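Q: Sequence first, predicted model second:
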4 protein chains.
Amino acid sequence: MIRVTVWNEGRHEKTNEHIKKLYPEGMHAVIAKYLKAQGMEARTATLDDPEHGLTDDVLAKTDVLLWWGHMAHHEVKDAIVEKVYNRVLDGMGLICLHSAHFSKIFRKLMGTTCNLKWREIGEKERLWVIEPEHPIAEGLGEYVEIEHEEMYGERFDIPDPDTLVFVSWFQGGEVFRSGCCYYRNQGKVFYFRPGHESYPTYHNETVLKIIANAVRWAAPVKGPQITFGNRQPLEKVEVS
Amino acid sequence: MIRVTVWNEGRHEKTNEHIKKLYPEGMHAVIAKYLKAQGMEARTATLDDPEHGLTDDVLAKTDVLLWWGHMAHHEVKDAIVEKVYNRVLDGMGLICLHSAHFSKIFRKLMGTTCNLKWREIGEKERLWVIEPEHPIAEGLGEYVEIEHEEMYGERFDIPDPDTLVFVSWFQGGEVFRSGCCYYRNQGKVFYFRPGHESYPTYHNETVLKIIANAVRWAAPVKGPQITFGNRQPLEKVEVS
Amino acid sequence: MIRVTVWNEGRHEKTNEHIKKLYPEGMHAVIAKYLKAQGMEARTATLDDPEHGLTDDVLAKTDVLLWWGHMAHHEVKDAIVEKVYNRVLDGMGLICLHSAHFSKIFRKLMGTTCNLKWREIGEKERLWVIEPEHPIAEGLGEYVEIEHEEMYGERFDIPDPDTLVFVSWFQGGEVFRSGCCYYRNQGKVFYFRPGHESYPTYHNETVLKIIANAVRWAAPVKGPQITFGNRQPLEKVEVS
Amino acid sequence: MIRVTVWNEGRHEKTNEHIKKLYPEGMHAVIAKYLKAQGMEARTATLDDPEHGLTDDVLAKTDVLLWWGHMAHHEVKDAIVEKVYNRVLDGMGLICLHSAHFSKIFRKLMGTTCNLKWREIGEKERLWVIEPEHPIAEGLGEYVEIEHEEMYGERFDIPDPDTLVFVSWFQGGEVFRSGCCYYRNQGKVFYFRPGHESYPTYHNETVLKIIANAVRWAAPVKGPQITFGNRQPLEKVEVS
């Protein structure tokens, strides 16, 4: 059973009436509920929990971590980011949602600014499947339409994804690499674009299905225990 | 349950006493037996079977096809290659083993000559895991050692793999990209280097484990039904 | 001085009055004229020339070949395709324009069907630059707008590009990977989407600039002379 | 004319008699001299210079920065690393040599630990060319042999390179991705493995040629001026 922790900044849902109505218990609650219904073990954690809810114990028991943040990226403690970073390199999957493109953890793992263009007028987004044989595309149609979303536009300052699963079309004229897979040491990272707080995106069944697919893809593989450092030769070496 | 067909040219095992001793029922039989023990449905097919054992019915019931060929690539009928090709693009996984780098089907899917350097003195090969988080590396150590193998050396004329899982070291001084993943439309292709007919490579438990991992990775995903051709606009378009 | 051959099917310009008016001497003539003005040596060749204008001598003297074809892909002789293919693997650059996605040579080099969605209502295309540091993006703005073009839409059945330089937005709701770089043995291949015969796309200064950039990128590098086949060991090997 | 700054930690050459003899004026001096002979403008800078020799003025005038560091990575000031980082994202090329795999700047740009296996017994390294058509392979043979080098072995904890140009073979039994290209926003990064301080590697003509090739590849392209942030729609959007 995959053990998921859904992390959410959780501020918009407290401070904004409209958003509170959309997600009375927070976006994390909606996502966690769906993942549980898929047979996963899912807990939640938020910025305002002690240690942001990401204690050593929680991280040790997390196979895949979901991350949603926006207005308070700077409040996430560097020490916690460092722990999450080490867990990802050690095998924990990480799924960064929407405005988490600008989270400390995503930027640290990408090595770039992760900057982009944006616009918030609630226009239509259509995510086209670019790699139909990828497990994250399981059960989808050729595209996913979201009636109202924030626009994110290229150029998105990220490294070329190891696999590009979705590209988005926006009504206002932009495109965006909206589903991006990365390998980082023993961990897997997926960036998934949709999910602006002021729209009911995480109530969309297809969006949730993609998140569940991504969790399954990002779950750790029991691969080789990688070791680093000084090594004896494996073969006889005679140096002249 | 994944349905596998292990295809083998099957000639060396008939014509060479040494190889017959190594694989009395053919290399395909050894591999199929292992895959069955892993809970897969595995059948075999060989060049000398009618239609090379790859009838429409067999192909339709095959989730992942393994391919071993060497001395008789040119005897594989183009019509059968075409059928296999279409099935791969349609979602069937394909695992090309060792000298299948020069098979018609692999070359057709790669678009290059797939040529390489080689030497047959039975030297040592060591396959290093390059992407430890990849499902094909599950359950392995940091490297796999094969005491006696044919050497394959770079430059290997293939497209840059979508994921490079193994790189081999050879005693005589060469390196080789020996585990290469490719996406081809709705299908997945894995090239895996080891398996020269005159060595007991397919009796090696770790080699077999890698093949089973590859089968699981290459098994079809029920992704979108992709359609091509003329399309009505999804949005209202006014052309000036 | 880079030696370019601009190959064009050249049929639409003969049979359609509207297209004849747009390109009285053929699309190839317009492109070749621009490349000459950039200091390149540029000749042209068409389907109806003897040997399609691609004699051994012409191919031997061509550093980069441009290819435009549409209605008569099937009339291109396989023997000529084979020669072009071998020249590409041997180092000649190849730039496939627009409907050349379905040319024999492009499909052979890709290993996939290269199929796609399309629509011809003359809608707007906007090509976004995805990799601004790539030489093919030299001198461009953040996007290129083409007022009237045929639509090509995903899923485009190609291998994941080695570098994805452009992604197109279309008014009718689709996206497309419209600038794709590939390495194929010692040759480089660039697919560039725009250029439907019934629009003045090849009179567009920015489109021409991109083509010239692509020619410079695809021009051969005097890299290692690659050899294949049986090899003596480079190191002393003692096989037990 | 490409403007290069060759940055070197420069400590080993001062504190170790053997290394002082190999590089009396420092490794940076040898490399800079070669690049000048290739028609480039090359200056040097070292850790012990004020601001590590990397003032705003120097960085502004640098098209490509070379970086060699080893024993004193931690002494490089974070503020300088930040400036170099921003310049790379802004278009400056960066070439990280040998033990610079562990420099702050390389790790920051990669997003991973960049850890590896190593051994210092002066064994033989053979770098095989994997992408012969890449500009960094210009003028080379099929492989480059270095009689005595430190070993670096996989698993090398880096993101999958955008282009993998070299893979090394080591006498003691390891392999290593020894020539790795990365795009990072508007800048290009090349990691090149050879160059341990106690061997005369930077006196090797072929090693120097590769460095010069890499400088030419990494030199900035005048691509689009990328902008980020809030955007007006490019198309008329009516939101229901």
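A: Yep, that arrived.
Q: Kindly list the longest strand within chain A.
A: In chain A, taking DSSP state E as the definition, the longest strand is strand A:117-129.
Q: following that one, which helix or strand comes up?
A: Following strand A:117-129 in sequence order, the next helix or strand is strand A:143-153 (DSSP states H and E).
Q: where's that following strand relative to the chain centroid, distance-wise?
A: Relative to its parent chain, strand A:143-153 has a centroid offset of 17 Å by CA atoms, centre = their mean, to the nearest Å.
Q: What of stretch A:154-171?
A: Counting by CA atoms, centre = their mean, stretch A:154-171 is centred 14 Å from the centre of its parent chain.
Q: if we can go back for a sec, the longest strand of chain A: which residues count as buried?
A: Residues A:117-119, A:122-129 are the ones in strand A:117-129 that count as buried (16 or more other CB atoms under 10 Å in any protein chain shown). Any C-beta I mention is one placed from the backbone N, CA and C, and that applies to glycine too.
Q: ditto for stretch A:6-22
A: Under 16+ other CB under 10 Å, the buried positions of stretch A:6-22 are A:6-13, A:19, A:22.
Q: now for these, which pair is the farthest apart?
A: Across these, the longest distance by CB to CB is 18.7 Å; it joins A:Trp7 and A:Leu22.
Q: Could you pull out the helices in chain A for me?
A: A:12-15, A:17-22, A:27-37, A:56-60, A:78-89, A:104-110, A:205-218 (DSSP state H).
Q: Please see if the second one touches chain D.
A: Think helix A:17-22. No. Helix A:17-22 stays clear of chain D (CB under 8 Å from any CB of the partner chain), getting no nearer than 15.6 Å.
Q: Quick check: A:Val237 touching D:Gly172?
A: Yes. Contact criterion CB atoms under 8 Å: A:Val237 and D:Gly172 qualify, at 5.0 Å.
Q: Common neighbours of the two, please.
A: D:121, D:123 (CB atoms under 8 Å, 6 or more residues apart in numbering or on different chains).
Q: Also near chain D: which of the buried residues of strand A:117-129, exactly?
A: Okay, of the buried residues of strand A:117-129 touching chain D (CB under 8 Å from any CB), that's A:117-119, A:122-123.
Q: The residue nearest to A:Pro200 when sequence neighbours are not counted: what's it in contact with?
A: With sequence-adjacent residues excluded and distances taken as CB to CB, 6 or more residues apart in numbering or on different chains, A:Pro200 is closest to A:Leu22, at 5.5 Å. A:Leu22 is in contact with A:197-200, A:203, counting by CB under 8 Å, 6+ apart.
Q: Distance check, A:Leu22 against C:Tyr85.
A: Per CB to CB, to the nearest Å, A:Leu22 is found 56 Å from C:Tyr85.
Q: can you check A:Asp162 too?
A: Separation of A:Asp162 from C:Tyr85 (CB to CB): 29 Å.
Q: neighbour count winner among those two?
A: Legend: neighbour count by other CB atoms under 10 Å in any protein chain shown for A:Asp162 and C:Tyr85, higher for C:Tyr85 (22 against 18).
Q: Hmm, C:Phe106 and the more buried one touching each other?
A: No. Counting by CB under 8 Å, C:Tyr85 does not reach C:Phe106; the two are 10.3 Å apart.
Q: A:Lys108 contacts A:Tyr85, correct?
A: Yes. Counting by CB under 8 Å, A:Lys108 does reach A:Tyr85; the two are 5.7 Å apart.
Q: Return the distance of stretch A:26-46 from the chain's centre.
A: With CA atoms, centre = their mean, you get 14 Å for stretch A:26-46.
Q: actually stretch A:46-61, not the one I typed
A: 17 Å.
Q: Between the two ends of it, how far is it?
A: 16 Å (CA to CA, to the nearest Å).
Q: One more: stretch A:4-15?
A: First-to-last distance for stretch A:4-15 - CA to CA - comes to 26 Å.
Q: Over to stretch A:122-135?
A: Length of stretch A:122-135, first residue to last, CA to CA: 29 Å.
Q: Could you do stretch A:183-193 as well?
A: 18 Å.
Q: and that stretch, anywhere near chain C?
A: No. Legend: contact between stretch A:183-193 and chain C by CB under 8 Å from any CB is lacking; minimum distance shown is 13.1 Å.
Q: Spell out which parts of chain A neighbour chain C.
A: A:126, A:128-132, A:142, A:153-155, A:160, A:163-164, A:167-170, A:173-175, A:177.
Q: show me what contacts A:Glu149?
A: Per CB under 8 Å, 6+ apart, neighbours of A:Glu149: A:122-125, A:194, A:196, A:199, A:201.
Q: Beta-bridge partners for it, please?
A: A:Glu123 (DSSP bridges).
Q: A:Val84 versus A:Glu235, what's the distance?
A: Computed as CB to CB, the A:Glu235 to A:Val84 distance reads 39 Å.
Q: of these two, who's got more company?
A: Set A:Glu235 next to A:Val84 and count neighbours by other CB under 10 Å: A:Val84 wins out with 24 against 15.
Q: Just give the nearest non-adjacent residue to that one, would you?
A: Closest residue in space to A:Val84, ignoring its immediate chain neighbours: A:Ile105 at 5.3 Å, by CB to CB, 6+ apart.
Q: If I look at that neighbour, what pLDDT would I see?
A: With respect to pLDDT, A:Ile105 scores 98.
Q: right, and it touches A:Ile95 too?
A: No. Assessed by CB under 8 Å, A:Ile105 is found out of contact with A:Ile95, at 11.2 Å.
Q: shared neighbours of these two, anything?
A: Shared contacts of A:Ile105 and A:Ile95 (CB under 8 Å, 6+ apart): A:Trp67.
Q: where does A:Lys117 land on pLDDT?
A: In this prediction, A:Lys117 carries a pLDDT score of 98.
Q: separation between it and B:Lys14?
A: 64 Å.
Q: what does A:Val81 give?
A: Distance from A:Val81 to B:Lys14, by CB to CB: 62 Å.
Q: and if you look at A:Lys188?
A: From A:Lys188 to B:Lys14 the distance is 45 Å (CB to CB).
Q: what does A:Asp56 give?
A: 61 Å.
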